[in-house]
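A.B. asks: Here you go, sequence then predicted model.
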Amino acid sequence: MKNKNFAAVYPGSFDPPTNGHLDIIRRASHLFPNVIVAITENSAKNHMFPLAERVKLMKESVKRIPNVKVVSFEGLLADYLAKTGSFVLIRGLRAISDFEYEFQMALMNRQLNKKIETVFLMPDQAYTFLSSSMVKEIAALGGNTKNFVPLCVEKKLKKQLTINKLQITIKR
Ligand code: PNS
C-alpha cells in the first residue's frame, strides 16, 4: 500500500470485544497502513454494554497497536465511509455459517455505494468458535472468560455480573 494515509475500516458492534476481534485487527494492521475500528449499534442485537463503554473497552484493548484508531458512528455504514473517504471494509469470517450474512451485507453496502469493497479475513483457528454472545453467556452463568477476551473486558464482565446480581437481590 503506497499511500501511508490509507485506512481500512473494521466495523462492528463489538459487544464486547473478544480475542477473535483483536486477532482480525492485528492481521488488518499488518496489511493496511491504518485501521479504523468503527463501532456502532446493531439494531438486530440487544447490547449488553452501551456504545461509549464498548469504545472504551476497544481503545484499551488495541492501545499497543500503533496504526489502529477506534471511533463510533451513527446511521448507515455506507454514509460513514463516504464521510471519511475510506471505502475498504474489513470483516472477519469464522465459518461457513457467517458467510450468508456477511455476503448479504457486503453486497448491500456495495449497492449503497459502489466504491465500497469488503475484505474478509480469517482469524486464527483457535478463535473460530468464539463470539461476543457466547462470551456474554459464559460470563452470565459464572464461567471463566479469561482465555476469550482482553483483561479489561474480563474485568468489566465480572463487574457487570455483580451489578446484575445486586439488582436482582434489590428487586426481590
Ligand atoms: O459486529 P456486528 O454486529 O456483526 O456488526 C454489524 C454492523 C454493525 C457492521 C452492521 O449492523 C452495520 O453496518 N450497521 C450500521 C447500519 C447499516 O449500515 N446497516 C446496513 C448494513 S448493510
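C.D. replies: Arrived safely. Numbers count the residues shown, from 1 in each chain.
A.B. asks: check contacts around the residue nearest in space to the middle of the chain.
C.D. replies: Nearest residue to the geometric centre of the chain (CA atoms, centre = their mean): F14, 3.4 Å. By CB atoms under 8 Å, 6 or more residues apart in numbering, the residues touching F14 are 21, 37, 39, 54, 57-58, 132. C-beta here means a position set from N, CA and C on the backbone, and glycine is covered the same way.
A.B. asks: Show me which helix or strand of the protein is least confident by mean pLDDT.
C.D. replies: helix 151-171 (a mean of 84; mean pLDDT, DSSP states H and E).
A.B. asks: Now find how far off-centre it is within its chain.
C.D. replies: Computed by CA atoms, centre = their mean, to the nearest Å, the separation of helix 151-171 from the middle of its chain amounts to 21 Å.
A.B. asks: got it, and stretch 11-28?
C.D. replies: For stretch 11-28, the distance from its own C-alpha centre to the chain's C-alpha centre is 4 Å (CA atoms, centre = their mean).
A.B. asks: same deal with stretch 142-151?
C.D. replies: On CA atoms, centre = their mean, the centre of stretch 142-151 falls 16 Å from that of its chain.
A.B. asks: Put the alpha carbons of stretch 91-108 into PDB.
C.D. replies: Taking C-alpha atoms only, stretch 91-108 is exported to PDB below (Å, rounded to 0.1, in the frame of the first residue of the first chain):
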ATOM      1  CA  ARG A  91     -14.900  -8.200   8.200                       C
ATOM      2  CA  GLY A  92     -13.900 -11.400  10.000                       C
ATOM      3  CA  LEU A  93     -15.200 -14.800   8.700                       C
ATOM      4  CA  ARG A  94     -15.000 -17.600  11.200                       C
ATOM      5  CA  ALA A  95     -17.000 -20.300   9.500                       C
ATOM      6  CA  ILE A  96     -19.400 -21.000   6.600                       C
ATOM      7  CA  SER A  97     -22.200 -20.100   8.900                       C
ATOM      8  CA  ASP A  98     -21.000 -16.400   8.900                       C
ATOM      9  CA  PHE A  99     -20.900 -16.400   5.100                       C
ATOM     10  CA  GLU A 100     -24.500 -15.700   4.200                       C
ATOM     11  CA  TYR A 101     -25.000 -12.700   6.500                       C
ATOM     12  CA  GLU A 102     -21.600 -11.300   5.500                       C
ATOM     13  CA  PHE A 103     -22.200 -11.800   1.800                       C
ATOM     14  CA  GLN A 104     -25.500 -10.100   2.000                       C
ATOM     15  CA  MET A 105     -24.000  -7.200   4.000                       C
ATOM     16  CA  ALA A 106     -21.100  -6.800   1.600                       C
ATOM     17  CA  LEU A 107     -23.300  -6.700  -1.500                       C
ATOM     18  CA  MET A 108     -25.800  -4.400   0.200                       C
END
